[in-house]
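Visitor: show me how the following folds:
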Amino acid sequence: MQMEHFPPIMFAGLVIIMLIGFPVAFSLAALGLASGFYAIEMGWFPAAFMGNLPISIFSILNNELLLAIPFFTFMGTILEKCGLAEDMLDSMGQLFGPMRGGVGYSVIIVGFILGAITGTVAGQVIAMALISLPVMMKYNYNMRYATGVLAASGTITQLVPPSLVLVVLADQLGRPVGDMYKGAWGPSLMQVGMFALYTFLLTRVKPNYLPGIPVSERTLNGWALWKKCLRGIVPSAILIFTVLGSMGGLPFQNHAIATPTEAGAMGVVGAMILAAMSKRLSKALIWEAMAGTMRLTAMVVFILIGSRVFSQVFQGVDGAKWVEHLLTGLPGGQTGFLIVVNVFVFFLAFFLDFFEIAFIIVPMLAPVADKMGIDLIWFGVLLCVNLQTSFMHPPFGFALFYLRGIADTLFKDKRIPRPVLSNDIYLGAIPWVIMQIILVVIVIFVPQSVTMFLDEKIDVDVDKVVIEMPVEEPAPGMELKPGELPMPKEGEPVDEAAADKAAEKAADDEQKKIDELFKK
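Guide: Down below sits the predicted model:
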């Protein structure tokens, strides 16, 4: 077998082991090691090449940027468990409830705010379903709309800064996390706007699908209601601006005063303060948050190690060249490349978690995108928009699984009058997945939706750069004597006539000084 035929075989093996269901971190490492030993046996690279693996793996564990993942996870888990979501949904639901689709609007808005402070899909979907699903069913909201808006609003968290997906993509693409966050603001706001617009149109086309809640059902009115809304929104907004602002992740911000890891640490402190303000901070809460953070961090590290073993061997057999030749030959240039990649990632997300796609697939695609002149911030945000659909479509739409589980729990606890059918959950997700796909198309064809908040690039023409050296004053005692010429610069021609004249003048001056001394 020739070496150029081996990368496609490795890639086919990668697809197979990801589909068999065995933990991808270990199966990926096994495939990489087996392929590496085979490559050594065939003489494609020396055994010493595999000896670099421990150094390569240690460089992963020494990556300070990835330390932001446990900090942001810990922050999100504390905020998820401290009841902030329930308080915000209750107050927002009462505020917007009387208008048609009011509960839907409140779910979308709270989903956006929670996405900016928690970053966890599971906690967000569960918390919003616990509060809003019984209310929607009580006032006869269309069941497919209710399940769809709850699941979709939970997945917004994957796109809204400070998303963990964006941190991982920034690391894999070699770009600043702050720039990735600034690029994600445009699509995330567009996503919220599309969800709200769909809700508004549905209230006009099918007004009986989204009825208003009677004002008499409010438990709070006037300033008391606004006070409860602000009590949840204002501290959350302060935490968002503190964390994102410190790392330069807000639109039109040019400077950062903290690294993502330091910003994550500040976020943890802020989350604990918010939990303490709501009188829900306890040892049990902290322990639960620490355990969840440990599990997620361990999973990320093992996936990283497995993907590094595979990618090193893949690079050793010129797999990067194979991928580059495969993708650069696509018709349509940049647009054709982005369409094919996003279709591939969309279907791959049917079976893989976003961490697995980010650590395994993105390193193969990023060098090709960079060579084609694609802005990697734009490319990363585009992939993030695409990856949020992985929580919404079968067979492994985790947001739908979470909703299925919490709906069964609510029915067993007799908090909803009838069970929620799986058919309603899956069919209800279709319009929202279509809106997410429309956003992917918009980002592909309108890159300004990502780049409008980024700093303008300064193009420098190297051929026109002029370096001016400052003229230094001579040190004391080193001044030029009368008639003395400065030393010529390197490569500068010497004026011999001027030099002779200066030498004669210097000699005459010296002779005059000697004559004066004799006279004295």
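Visitor: let's verify the residue nearest the centre of the chain: helix, strand, or coil?
Guide: Centrality entry for the chain: nearest residue to the mean C-alpha point is Leu166, 0.7 Å, by CA atoms, centre = their mean. Using DSSP: H, G, I helix; E, B strand; the rest coil, the structure places Leu166 in helix.
Visitor: can you pull the pLDDT of the nearest residue to it once chain neighbours are set aside?
Guide: Once flanking residues are discounted, Leu166 sits nearest to Met180: 4.7 Å by CB to CB, 6 or more residues apart in numbering. From N, CA and C alone the C-beta is placed, and that goes for glycine too. In this model, Met180 is scored at 89, pLDDT.
Visitor: and Trp432, by the same measure?
Guide: pLDDT at Trp432 comes out at 92.
Visitor: start and end of stretch 14-26, how far apart?
Guide: 12 Å (CA to CA, to the nearest Å).
Visitor: in that stretch, what counts as buried?
Guide: Under the neighbour-count criterion of 16 or more other CB atoms under 10 Å, stretch 14-26 has Leu14, Ile17, Met18, Val24, Ala25 buried.
Visitor: quick one: distance of that stretch to the chain centre.
Guide: Centroid separation between stretch 14-26 and its chain, computed with CA atoms, centre = their mean, to the nearest Å, is 24 Å.
Visitor: sorry, back to before: for the buried residues of stretch 14-26, which one is nearest His325?
Guide: His325 lies nearest to Leu14 out of the buried residues of stretch 14-26, by CB to CB, at 18.0 Å.
Visitor: after the helix or strand hosting Ile108, which helix or strand is next?
Guide: Applying DSSP states H and E as the criterion places Ile108 in helix 102-115. Per DSSP H and E, the first helix or strand lying C-terminal to helix 102-115 is helix 121-138.
Visitor: that older thread, in the helix holding Ile108, which residues are buried?
Guide: Buried residues in helix 102-115 (16+ other CB under 10 Å): 102-115.
Visitor: and the pLDDT at the residue nearest to Leu304 when sequence neighbours are not counted?
Guide: Nearest non-adjacent residue to Leu304, counting by CB to CB, 6+ apart: Ile60, 5.1 Å away. Looking at Ile60, its pLDDT is 75.
Visitor: please apply the same query to Asp500.
Guide: Asp500 is given a pLDDT of 67.
Visitor: so Val450 touches Val381, yeah?
Guide: Yes - Val450 sits in contact with Val381 when judged by CB atoms under 8 Å, with a separation of 4.8 Å.
Visitor: joint contacts of the two?
Guide: Gly183, Ala184, Pro187, Val443 (CB atoms under 8 Å, 6 or more residues apart in numbering).
Visitor: on that earlier part again, then the helix holding Ile108 to CSV, C-alphas only?
Guide: In CSV, the C-alpha atoms belonging to helix 102-115 read as follows (Å, rounded to 0.1, in the frame of the first residue of the first chain):
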residue,chain,number,x,y,z
GLY,A,102,-46.3,36.4,26.1
VAL,A,103,-45.1,33.3,27.7
GLY,A,104,-43.2,32.4,24.5
TYR,A,105,-41.5,35.8,24.4
SER,A,106,-40.5,35.5,28.1
VAL,A,107,-39.0,32.0,27.4
ILE,A,108,-37.0,33.4,24.5
ILE,A,109,-35.7,36.4,26.5
VAL,A,110,-34.9,34.5,29.6
GLY,A,111,-33.2,31.8,27.4
PHE,A,112,-30.9,34.5,25.9
ILE,A,113,-30.1,36.0,29.3
LEU,A,114,-29.4,32.6,30.9
GLY,A,115,-27.3,31.6,27.9
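Visitor: now do the helix or strand harbouring Gly76 against helix 102-115, angle only.
Guide: Element membership of Gly76, judged by DSSP H and E, is helix 68-81. Taking axes from the mean of the first three to the mean of the last three CA atoms, to 10 degrees, helix 68-81 and helix 102-115 form an angle of 140 degrees between their directions.
Visitor: who has more neighbours out of Val450 and Val381?
Guide: Val381 (30 against 24; other CB atoms under 10 Å).
Visitor: after the helix or strand hosting that one comes which helix or strand?
Guide: Assigned by DSSP H and E, Val381 belongs to helix 376-387. Sequence-wise, the next helix or strand downstream of helix 376-387 (DSSP H and E) is helix 398-412.
Visitor: now that next one: buried residues?
Guide: Residues of helix 398-412 classed as buried: Phe398, Ala399, Leu400, Phe401, Tyr402, Leu403, Arg404, Ile406, Ala407, Leu410 (neighbour count, 16+ other CB under 10 Å).
Visitor: so what's the first one up against?
Guide: Okay, so that is Phe398. With CB under 8 Å, 6+ apart, Phe398 has these contacts: Val121, Ala122, Ser390, Phe391.
Visitor: what about 7 Å?
Guide: By CB atoms under 7 Å, 6 or more residues apart in numbering, the contact set of Phe398 is Val121, Phe391.
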